[in-house]
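S.K.: Dropping the sequence and predicted coords here.
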2 protein chains.
Amino acid sequence: MANECANFGADLHLELRGPRLRAGLMDALREAVRTGRLEAGTRLPSSRTLAADLGMARNTVADAYAELVAEGWLTARQGSGTVVARRAEPRTAVRPPPVSSPVLSPTRPAAPAHNLRAGTPDLASFPRAEWLKAYRRALTDAPNEAFGYGDSRGRIELRTALADYLARARGVHARPERIVICAGFVHGLLLMGQVLRNRGVRNVAVESYGLGLHAGLLTGAGLGIPVLPFDERGTRVEELSDPGEYGEGEALVSAGAVLMTAAHQFPLGGALPPDRRAAVVDWARASGGFVLEDDYDGEFRYDRQPVGALQGLDPERVVYLGTASKSLAPGLRLAWMVLPESLAGEVAATKGAVDWTSSAPDQLAFAEFLRSGAYDRHVRAMRLRYRRRRDQLVAAVAAHSPDTRVSGIAAGLHAVLALPPGTEQAVLRSAAWHGLAVQGVNQFRRPTVPPTLDGLVVGYATPPDSAWNSALQSLCRVLP
Amino acid sequence: MANECANFGADLHLELRGPRLRAGLMDALREAVRTGRLEAGTRLPSSRTLAADLGMARNTVADAYAELVAEGWLTARQGSGTVVARRAEPRTAVRPPPVSSPVLSPTRPAAPAHNLRAGTPDLASFPRAEWLKAYRRALTDAPNEAFGYGDSRGRIELRTALADYLARARGVHARPERIVICAGFVHGLLLMGQVLRNRGVRNVAVESYGLGLHAGLLTGAGLGIPVLPFDERGTRVEELSDPGEYGEGEALVSAGAVLMTAAHQFPLGGALPPDRRAAVVDWARASGGFVLEDDYDGEFRYDRQPVGALQGLDPERVVYLGTASKSLAPGLRLAWMVLPESLAGEVAATKGAVDWTSSAPDQLAFAEFLRSGAYDRHVRAMRLRYRRRRDQLVAAVAAHSPDTRVSGIAAGLHAVLALPPGTEQAVLRSAAWHGLAVQGVNQFRRPTVPPTLDGLVVGYATPPDSAWNSALQSLCRVLP
């Protein structure tokens, strides 16, 4: 057995090049189970041992184990470590694999057949022809200097077009000189982390649920990330301590800024109620702090008028961060920040210190895409498509699993399906077994937050139209 | 006078938003002199005082002063600080400005009329039609997943096309899995700085002359930058200390890596001779160090076969960094690293930690541009054009200033014109007065290197064809 594990580690090591260490490890483990090299019941080395063998962080291995347990490949037994799961035969009869695909296992496919993970729009809907048209016009009209080293804030043409659009569509108080183009939300958050740290800010408060990647960027910048509690009305921003409250502030959260998905909490889906919107801006004014508003899907509102950006309440205390990753495509790497006057110079200087920007032709193309109305048309079309899917999701869940409550459905590209307490892991295992990639709310819970909710985060925008119905059926199959 | 300065500082402060603080300050100072708000003979506040008023680093102000002195706007007097220069009337008669351009000063234009600064290709030559063709094909053929969140190393299509091209054109041992696409050379250097620092490397040696931006990126990553000395044969890599030489190594340079422009020293222009190429690779092997090879203009060789990349000597000890910024355009923000196996995973993971890449359509377009042969055709056309300009430069200098030696002319986009000792500043002042933007070699000298050379760094690729002849004439006018 020790020998088996040692060999196994060595094999993995050979295949583990590349940026996605955890994904690579998971692939290698799945492959070893699938091919029978790791038999059912085989005990795996401890995460500490395997991490040392592979030269990886222990958490990476532990996370990979945990996800494979959730997917049903492995079983974690109290006191006896992690073992390869004894797996039932697949429920449905499977044809023997064609001779030309010896790599495919007869028991189940390597990649999930259905993808309802949140965070990606329908990539098949990228408006190639319209984008190409804008790109052609932009490239033809571009002044020669556009091909040179540019302003690190980004092209003025794009900043001007965005200022118009954001004021009109999101109620953002934007002026071109306050806008900085960046290569995605994470790039913007990284810059903000550096700028805040350089100003002496020690803590940036985060919500109880959110993306670990974002929290990691902040801690990587040397910032603490105290967590704001959460109740049925959303994030309890009133827990942010006012500067005058030191005496009784022990239970309160002390921070120089707060990162929020105010218009549509990710992933739980609610909009911050008006009194709390006002309260968090009041806190920023009183304390000299900043609100970092992650408006990742602000374009997609279905049942009511869009909630305007928080930034509109006080452009001098709210940093607005928007992105084309949900409305167009993540592959474009285009995002933007609208900054308070007191931060605009520092953020631009921090970005400019390494002098990189998005490609100038892309920026000019996006400016043309906005100006020509193509962006509005695309967003409108996608809004209809996603709304239809959302309605189908709600109807299907009501029909197949009447007790399952669907929430966070007024906006965005995902919904939350509440599950009976303690069942999330079982449902996720079942989903993995059915070849359905989907996440649980607890995958977004900050580590210090006690688990109180069970649920699925269903990204209904993710599949292409052709795969949507089967993905939905697959989801219904795993619901209680 | 104190009042004048105070007002002046306040005005500047209002206009100094944006990333280029020094450039903004210089513009504001030029404007103030041009409009007469600062009269000839006016004494400026000390750099320390003005820096404090404006909330800028003192060096930024001191550098701006120094450049304006070099441009002839200001005069630095021993013991009496910096004063606004008493300027002669322009030599040539100037028509009064048209009524519709009240902003233009009648005495001299705000921006230099001629630009021979090094580092930028002829932006007017960007192959718009060919690039658009590649972009259209790439966008049409792209799989849907290309629009999603991608591999942080970059698109496999581009890494494959680059591996072929670099092996063929630059003798680089490249495999796609060792290539990481980045948004410009500086992005690659930033990643390398982080990775080396995380490995415990303390120093990265640099050449005696180079870009301050690059040195600043390394120091910003927490690395020391000991400087390698320079002689008539180039960088003295033999000064790098071997690990076994601790006893007698006091005068030697201790470093975990060295940043080099081996194929074409920037800005001095020589190629590192073969024995030193071998020596620096030997040092890396013996010490476990790395050579960071900045191959910024490897495509442009005129009088002989190209010098292959240093990386070909030992792909496990040399990190190759290339860019499309000189061969195509900086505005595309496309560059690449070819990494030793021992670093590939770390660099990709460091880049992937913030998950940003260049735009996927751009990467696919560049892959298509390479595969279709359009890149080779473009480089060949530009090589002919730049070579012709180089020949014209050499001939013009020989005719107008027979004693001026031109060096570094076998390759690249710039040449060095040697000047009599002590005359560089005067020639730069004269150039500024004639509306010619050009740099001196001492602007690239590391601060700790004693000044021993005077010369102009002439970027003959920079102007468009239509402006080249007048730029050359303007250059000849200022030569001794």
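M.R.: Now that the structure is in, tell me what you want to look at. Remember, predicted model here, so these are calculated numbers, not experimental data.

S.K.: switch to C-alpha atoms for all contacts and neighbour counts from now on
M.R.: Will do.

S.K.: Isn't residue A:173 up against residue A:310?
M.R.: No - between residue A:173 and residue A:310 there is no contact under CA atoms under 8 Å: 10.2 Å.

S.K.: which one of the two has more residues nearby?
M.R.: residue A:310 (30 against 22; other CA atoms under 10 Å in any protein chain shown).

S.K.: in chain A, which spans are helices?
M.R.: Counting by DSSP state H, chain A has helices at residues A:2-15, A:21-34, A:47-54, A:58-71, A:128-141, A:156-170, A:185-198, A:212-220, A:274-287, A:341-352, A:360-371, A:374-400, A:424-433, A:465-478.

S.K.: Just give the nearest non-adjacent residue to the residue in the stretch 101-250 of chain A that chain B sits nearest to, would you?
M.R.: At 4.2 Å from chain B, residue A:147 is the closest residue in the stretch 101-250 of chain A, using CA to the nearest CA. The shortest distance from residue A:147 to any non-neighbouring residue, by CA to CA, 6 or more residues apart in numbering or on different chains, is to residue B:331 (4.2 Å).

S.K.: How about residue A:393?
M.R.: That would be residue A:472: by CA to CA, 6+ apart, it lies 7.0 Å from residue A:393.

S.K.: Likewise for residue A:434?
M.R.: Leaving aside its sequence neighbours, residue A:434 sits nearest to residue A:474 (CA to CA, 6+ apart; 7.0 Å).

S.K.: burial of the one you found, as a residue count?
M.R.: Here the number of neighbours of residue A:474 (other CA under 10 Å) works out to 19.

S.K.: same check, this time on the one 4 residues further on
M.R.: Using other CA under 10 Å as the criterion, residue A:478 is surrounded by 19 other residues.

S.K.: Hmm, it is touching residue A:426, no?
M.R.: No - using CA under 8 Å, residue A:478 is not in contact with residue A:426, being 9.4 Å away.

S.K.: Identify the residue spatially nearest to residue A:194, adjacent ones excluded.
M.R.: residue A:221 (5.9 Å).

S.K.: what about the one you found, how many residues close to it?
M.R.: A count of neighbours around residue A:221, defined by other CA under 10 Å, yields 19.

S.K.: quick one: it and residue A:195 touch, right?
M.R.: No - Residue A:221 is beyond contact range of residue A:195, at 9.4 Å (criterion: CA under 8 Å).

S.K.: and residue A:320, how far is that from residue A:179?
M.R.: Separation of residue A:320 from residue A:179 (CA to CA, to the nearest Å): 9 Å.

S.K.: Could you do residue A:418 as well?
M.R.: Plainly put, residue A:418 is 39 Å away from residue A:179 if you go by CA to CA.

S.K.: For stretch A:445-464, what is the distance to the chain centroid?
M.R.: Centre-to-centre, stretch A:445-464 and its host chain are 11 Å apart (CA atoms, centre = their mean, to the nearest Å).

S.K.: Alpha carbons of that stretch, in CSV - could you do that?
M.R.: Provided in CSV are the C-alpha atoms of stretch A:445-464 (Å, rounded to 0.1, in the frame of the first residue of the first chain):
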residue,chain,number,x,y,z
ARG,A,445,-19.1,30.5,2.9
ARG,A,446,-16.2,32.2,4.6
PRO,A,447,-14.4,29.8,6.8
THR,A,448,-15.2,31.6,10.0
VAL,A,449,-19.0,31.7,9.3
PRO,A,450,-20.9,28.9,11.0
PRO,A,451,-22.9,26.8,8.5
THR,A,452,-26.5,27.7,8.7
LEU,A,453,-27.8,27.3,5.2
ASP,A,454,-27.9,24.4,2.8
GLY,A,455,-28.5,25.0,-0.9
LEU,A,456,-27.4,24.8,-4.5
VAL,A,457,-26.1,27.8,-6.4
VAL,A,458,-27.5,27.2,-9.9
GLY,A,459,-25.8,29.2,-12.7
TYR,A,460,-28.6,29.0,-15.3
ALA,A,461,-26.7,31.2,-17.7
THR,A,462,-23.8,28.9,-18.1
PRO,A,463,-24.9,26.2,-20.6
PRO,A,464,-25.5,27.0,-24.3
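
S.K.: Quick one: check that stretch for contact with chain B.
M.R.: No - Stretch A:445-464 does not reach chain B (CA under 8 Å from any CA of the partner chain); its nearest approach is 9.2 Å.

S.K.: If you count neighbours, what's buried in that stretch?
M.R.: By neighbour count on 16 or more other CA atoms under 10 Å in any protein chain shown, the buried set for stretch A:445-464 is A:445-446, A:453-464.

S.K.: where does chain A dip in pLDDT?
M.R.: Judged by pLDDT under 70, chain A has its weakly predicted residues at A:1-20, A:34-37, A:39, A:52-55, A:70-72, A:77-80, A:87-110, A:243-251, A:304-306, A:353-356.

S.K.: How is it divided into domains?
M.R.: As assigned by automatic domain parsing, chain A contains the domains A:2-84, A:114-123+A:377-478, A:126-373.

S.K.: I'd like the ones you listed laid out as TSV, including distance to residue B:30.
M.R.: Formatted as TSV, the domains of chain A follow (distance: least, CA to CA, whole Å):
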stretch	distance to residue B:30
domain A:2-84	49
domain A:114-123+A:377-478	46
domain A:126-373	20
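
S.K.: residues touching residue A:208, list them.
M.R.: Residues counted as contacts of residue A:208 (CA atoms under 8 Å, 6 or more residues apart in numbering or on different chains) are A:227, A:228, A:229, A:230, A:235, A:445, A:446, A:449.

S.K.: same deal with residue A:44?
M.R.: A:5, A:81, A:82, A:83, A:84.

S.K.: of all those residues, which two lie farthest apart?
M.R.: Greatest spatial distance among the contacts of residue A:44 (CA to CA): A:5 and A:81, at 13.8 Å.

S.K.: Strands - which of the buried residues of stretch A:445-464 land there?
M.R.: Among the buried residues of stretch A:445-464, the ones falling in strands (DSSP state E) are A:455, A:456, A:457, A:458, A:459.

S.K.: ok, and the closest non-adjacent residue to the third one?
M.R.: Beyond its immediate neighbours in the sequence, the residue positioned closest to residue A:457 (CA to CA, 6+ apart) is residue A:416, lying 4.7 Å away.

S.K.: List the contacts of stretch A:118-134.
M.R.: In contact with stretch A:118-134 (CA under 8 Å, 6+ apart) are residues A:325-330, A:365-366, A:368-369, A:374, A:378, A:413-414, A:438-439, A:457-465, B:136, B:139-140, B:144-145, B:147-148.

S.K.: Just the buried residues of these.
M.R.: Listed as buried from the contacts of stretch A:118-134 are A:325-330, A:365-366, A:368-369, A:374, A:378, A:413-414, A:438-439, A:457-464, B:136, B:139, B:147-148; burial here means 16+ other CA under 10 Å.

S.K.: residues in the stretch 251-400 of chain A within reach of chain B, list them.
M.R.: Within the stretch 251-400 of chain A, the positions lying close to chain B (CA under 8 Å from any CA) are A:329-333, A:344-352, A:354-361.

S.K.: looking at the helices of chain A, which is buried most?
M.R.: helix A:360-371 (a mean of 24; mean count of other CA atoms under 10 Å in any protein chain shown).

S.K.: if I pick the closest residue in space to residue A:218 that isn't next to it in sequence, what's in contact with it?
M.R.: When the adjacent residues along the chain are set aside, residue A:218 lies closest to residue A:193, with 5.7 Å between them (CA to CA, 6+ apart). Residues in contact with residue A:193 (CA under 8 Å, 6+ apart) are A:217, A:218, A:221, A:223.
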